[in-house]
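S.K.: here are the coordinates; sequence isn't available:
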Ligand code: ME8
């Protein structure tokens, strides 16, 4: 039985349409999910929308609709974004679903049974934008002298009766968790930040509100709805059928990876494990806080007018080019920047000129000069062996290692180096000259390239799934030979002997042009 692998993204606030950060996270999670499937793992991939809380309630009020109407309308845009970007999620979780209310109430009851919930009065700062409570010591001064959250968002003084969670009790267990399991929270910079935060002391957490009702009701305390993060985090187990602890829950929990952005690490590396410890449930194996994606170095915002629709970018440059760019350009875990120029540059040089051209030249040559019949191998020389050795090491050792460690950019860098090596090989071997001087050697060179291209296509498939599949289809590689266990070349002879003829290939990555500047 294949070993399970459960991966989640954050669930997005559907108070507006998806932005590039949402697309970035969904694509990264998809690359990891597809890679793990290729490794033979039984992958479960969950994403969704976080529909409760004040932020949603306020936005709906501004629009003159109900929060449910807002959630229904906007969550569809997130589903469309995932589908449009070829994100292979298994479950799209919406927190307004009744089963999610039931699961969250069960988690609450278990925390209550552990003696970790008590009623008191909350007095303190709250940021609606972040849906977060802050200590006065964390606040910063705004330009007009007003108080702002550490993220620079407005905060308001809140006084309310509230249920509290005994977070302070979990400071020691959390420190132990983080210190004993460095992998629990990555990258290390985020782990250090959270360790310092816990060492500064943890206060009990206000976990319910009475001033609005758009949320999950507190069991036995009907005028309270739960703090939105309590229910948001629970989505990760609701989607597995919790509180039913058999079936998917038994199979996939604890999660292998919660993939989230750096701004919400505190919720995932402090609150979530504390809630789970309190409810006596197993903890996820890893939380990874990726960096932020900036538009030409600037945060996107409505006031700057630089908010980009990721689907429009995909339509402009191609889904796979956008996916490739995002994973290739930025070291995963760090902040990065994008611009149309950078996408066009990367797409044209690496996908178009390097990989696309390699495939086009080789397959086109076979179609034209061998009637599309696969070339015969009459014996490899040292140059062929060297190329095979490099490709084999790249696709079977280096890339899987990098992808397993979430060093996605590094893995792709190794892939493109191997592509460059193939281009150097084709130039050095010059099959177009061999056609007259040594047709046998020409066939061996083309066969070597054919095999190398197929292996490179399989290895990059998690990043550019549609283009890789189209190429492998053209090349006649059976679906069963597209996983890492069959990345070798044993399929080549049977395919050649079957009389398979390759048709003249269509360009995989049409040349990208920058849009004309508006006049
Ligand atoms: O935080 N670049 O939702 P959200 C990269 N509902 N990632 C970014 C980004 C950017 N510019 N901007 C945001 C929430 N993100 C909560 C999560 S999980 C139980 C609840 C990331 O819609 C952000 O870090 O504000 C988060 O991981 C995800 O997008 C959704 O952000």
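M.R.: Ah, there it is. Computed from a predicted model, the values in this text were never measured in an experiment. Numbering: from 1, shown residues only.

S.K.: could you use CA atoms for every contact and neighbour count after this?
M.R.: OK.

S.K.: where does the protein have low pLDDT?
M.R.: 486, 517-519 (pLDDT under 70).

S.K.: for the ligand, what are the nearby residues on it?
M.R.: By Cα under 6 Å from any ligand atom, the residues of the chain that approach the ligand are 10-13, 21-22, 25, 50, 232-233, 260-264, 291-294.

S.K.: out of those, which end up buried?
M.R.: Using 16 or more other Cα atoms under 10 Å as the burial test, those include 10-13, 21-22, 25, 50, 232-233, 260-262, 291-294 as buried.

S.K.: mind checking which of these are in strands?
M.R.: Using DSSP state E, the subset of these located in strands is 10, 11, 12, 260, 261, 293, 294.

S.K.: who's in contact with the second one?
M.R.: For residue 11, the contacting residues are 47, 48, 49, 50, 93, 232, by Cα atoms under 8 Å, 6 or more residues apart in numbering.

S.K.: now these as a markdown table including distance to residue 221?
M.R.: As requested, the contacts of residue 11 are exported to a markdown table (distance: Cα to Cα, whole Å):
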| residue | distance to residue 221 |
| --- | --- |
| 47 | 30 |
| 48 | 28 |
| 49 | 26 |
| 50 | 23 |
| 93 | 26 |
| 232 | 19 |
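
S.K.: what helices and strands are in contact with the host helix or strand of residue 436?
M.R.: Counting by DSSP states H and E, the element that carries residue 436 is helix 431-437. Helices and strands touching helix 431-437, by 3 or more Cα pairs under 8 Å, 6 or more residues apart in numbering; DSSP states H and E, are helix 439-460.

S.K.: quick check: next helix or strand after the helix it packs on?
M.R.: Moving toward the C-terminus from helix 439-460, the next helix or strand (DSSP H and E) is helix 465-474.

S.K.: the inter-axis angle of that following helix versus helix 439-460?
M.R.: Counting by axes from the mean of the first three to the mean of the last three Cα atoms, to 10 degrees, helix 465-474 lies at 150 degrees to helix 439-460.

S.K.: hmm, residue 371 is touching residue 504, no?
M.R.: No: judged on Cα atoms under 8 Å, residue 371 makes no contact with residue 504 at a distance of 9.5 Å.

S.K.: who has more neighbours, these two?
M.R.: residue 504 (16 against 13; other Cα atoms under 10 Å).

S.K.: OK, contacts around the residue of the chain found nearest the ligand?
M.R.: The nearest approach of the chain to the ligand comes at residue 261, 3.0 Å away (Cα to the nearest ligand atom). By Cα under 8 Å, 6+ apart, residue 261 lies in contact with 10, 25, 288, 289, 290, 291, 292.

S.K.: same question for residue 483.
M.R.: Residues near residue 483 by Cα under 8 Å, 6+ apart: 38, 39, 40, 458.

S.K.: now, among these, which is nearest to residue 79?
M.R.: Closest approach between the contacts of residue 483 and residue 79, by Cα to Cα: residue 38, at 24.0 Å.

S.K.: ok, the closest one - contacts?
M.R.: Residues in contact with residue 38, defined by Cα under 8 Å, 6+ apart, are 482, 483, 484.

S.K.: at 10 Å what do you get?
M.R.: Applying Cα atoms under 10 Å, 6 or more residues apart in numbering to residue 38 gives the contacts 32, 458, 459, 461, 462, 482, 483, 484, 485.

S.K.: just to revisit the earlier point, joint contacts of residue 371 and residue 504?
M.R.: By the contact definition Cα under 10 Å, 6+ apart, residue 371 and residue 504 are jointly contacted by residue 365.

S.K.: what's the farthest-apart pair in the contacts of residue 483?
M.R.: Within the contacts of residue 483, 40 and 458 form the most distant pair, 13.6 Å apart (Cα to Cα).

S.K.: quick one: which of the two has more around it?
M.R.: More crowded of residue 40 and residue 458, by other Cα under 10 Å: residue 458, with 25 against 17.

S.K.: how close does the more buried one get to residue 446?
M.R.: For residue 458, the distance to residue 446 (Cα to Cα, to the nearest Å) stands at 18 Å.

S.K.: and what of residue 363?
M.R.: Counting by Cα to Cα - residue 363 and residue 446 are separated by 8 Å.

S.K.: common neighbours of the two, please.
M.R.: Jointly contacting residue 363 and residue 446 under the rule Cα under 10 Å, 6+ apart are residue 374.

S.K.: follow-up on the earlier one: ok, residues contacting the helix holding residue 436?
M.R.: For helix 431-437, the external contacting residues (Cα under 10 Å, 6+ apart) are 362, 365, 369, 426, 438-446.

S.K.: repeat that with 8 Å
M.R.: Helix 431-437 is contacted by residues 441, 442, 445, 446 when judged by Cα under 8 Å, 6+ apart.

S.K.: ok, which pair from these is furthest apart?
M.R.: Largest separation among those by Cα to Cα: 441 and 446, giving 8.6 Å.

S.K.: hey, what's in contact with both of the two?
M.R.: With the criterion set as Cα under 8 Å, 6+ apart, the contacts of residue 441 and residue 446 do not overlap.

S.K.: buried sites along the strand or helix carrying residue 123?
M.R.: Using DSSP H and E, residue 123 sits within strand 117-127. Across strand 117-127, burial judged by 16+ other Cα under 10 Å covers 117, 122, 124, 125, 126, 127.

S.K.: same deal with stretch 508-519?
M.R.: Going by neighbour count (16+ other Cα under 10 Å), the buried part of stretch 508-519 is 508, 509, 512.

S.K.: between these, which is closest to residue 339?
M.R.: Comparing these against residue 339 with Cα to Cα places residue 512 closest, at 13.7 Å.

S.K.: which secondary structure elements does the helix or strand hosting residue 176 sit against?
M.R.: For residue 176, the element it lies in under DSSP H and E is helix 171-180. Packed against helix 171-180 by the contact rule (3+ Cα pairs under 8 Å, 6+ apart) you find helix 188-199.

S.K.: following element in sequence after the helix it packs on, please.
M.R.: Going down the chain from helix 188-199, the next helix or strand is strand 205-206, by DSSP H and E.

S.K.: what are the pairing partners of that following strand, and which direction each?
M.R.: Neighbouring strands of strand 205-206 in its sheet, by DSSP bridges, are strand 156-165 (antiparallel).

S.K.: go through the partner strand and flag the buried ones.
M.R.: Applying a neighbour-count criterion of 16+ other Cα under 10 Å, one finds 161, 162, 163, 164, 165 buried in strand 156-165.

S.K.: how about residues contacting it?
M.R.: In contact with strand 156-165 (Cα under 8 Å, 6+ apart) are residues 116-127, 204-211, 224.

S.K.: could you check the angle strand 117-127 makes with that strand?
M.R.: Using the same axes, to 10 degrees: strand 156-165 against strand 117-127 is 150 degrees.

S.K.: need the contacts of helix 431-437 in a markdown table with neighbour count, can you?
M.R.: Listed next are the contacts of helix 431-437 as a markdown table, based on neighbours: other Cα atoms under 10 Å:
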| residue | neighbour count |
| --- | --- |
| 441 | 21 |
| 442 | 23 |
| 445 | 27 |
| 446 | 23 |
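
S.K.: columns distance to residue 430 on top of these, output as JSON lines?
M.R.: JSON lines is the format used below for those (distance: Cα to Cα, whole Å):
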{"residue": "441", "distance to residue 430": "10"}
{"residue": "442", "distance to residue 430": "8"}
{"residue": "445", "distance to residue 430": "9"}
{"residue": "446", "distance to residue 430": "10"}
